[in-house]
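J.: the sequence isn't on hand, but the structure is:
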C-alpha cells in the first residue's frame with residue numbers, strides 16, 4: 001500500500017474527527033457492532049441534525065479482518081435509506097473509525113425507509 005502524506009489523506013477522507021456523539025466499537029464482535037450501529041441510528045433520530053464518531057480498532061499488520069468494511073457497508077446502506085447524510089473514514093492520526101452526519105427533521109415515531 002502506498003504511503004500518503006497527511007494532507008493528501010485528509011483530502012481523500014475528510015478532516016472531521018469529532019462529533020456530538022461517539023460510539024466506541026473497539027474490541028467488539030461484528031454482530032455486536034452491527035446491532036450497536038442500528039441502535040445508534042434509531043436513538044439519534046431527532047428534529048435537529050447531529051454528528052457521530054464511530055471508533056473501531058485500527059488495522060495492524062497482524063489484526064486480520066477488521067470491522068472497517070462491514071461497518072462501512074452498513075453506513076452506506078443507512079445513507080441510501082436517508083438515515084445518514086454523509087460519512088467518511090477518520091483521518092489516520094485519529095485511529096480507526098468513521099465520522100457521520102445524521103439528518104434532522106424526524107418527528108417522534110417517524111421511520112424513513
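T.: Nice, thanks for sending it over. All values reported here derive from a predicted model rather than from experimental measurement.

J.: C-alpha from now on. contacts and neighbour counts both.
T.: Fine.

J.: any regions of the protein where pLDDT drops low?
T.: For the chain, the stretches with pLDDT under 70 are 1-17, 92-94, 106-113.

J.: need the contact list for the spatially most central residue of the chain.
T.: With distances taken as C-alpha atoms, centre = their mean, residue 98 lies nearest the centre of the chain, 3.5 Å away. Residues in contact with residue 98 (C-alpha atoms under 8 Å, 6 or more residues apart in numbering) are 17, 53, 54, 55, 87, 88, 89, 90.

J.: skipping adjacent residues, who's closest to it in space?
T.: residue 89 (4.3 Å; C-alpha to C-alpha, 6 or more residues apart in numbering).

J.: quick one on the thing from earlier: look up which helix or strand the residue nearest to the centre of the chain falls in, please.
T.: strand 96-102 (DSSP states H and E).

J.: buried set for stretch 45-61?
T.: 45, 46, 50, 51, 52, 53, 54, 55, 56, 57 (16 or more other C-alpha atoms under 10 Å).

J.: need the max-distance pair from those.
T.: Using C-alpha to C-alpha, the pair of the buried residues of stretch 45-61 lying farthest apart is 46 and 57, separated by 28.5 Å.

J.: beyond the strand or helix carrying residue 75, next helix or strand please.
T.: Residue 75 belongs to helix 68-80 when assigned by DSSP H and E. Using DSSP H and E, the helix or strand that follows helix 68-80 towards the C-terminus is strand 86-89.

J.: wait, isn't residue 59 in contact with residue 66?
T.: Yes. With contact defined as C-alpha atoms under 8 Å, residue 59 reaches residue 66; the gap is 6.4 Å.
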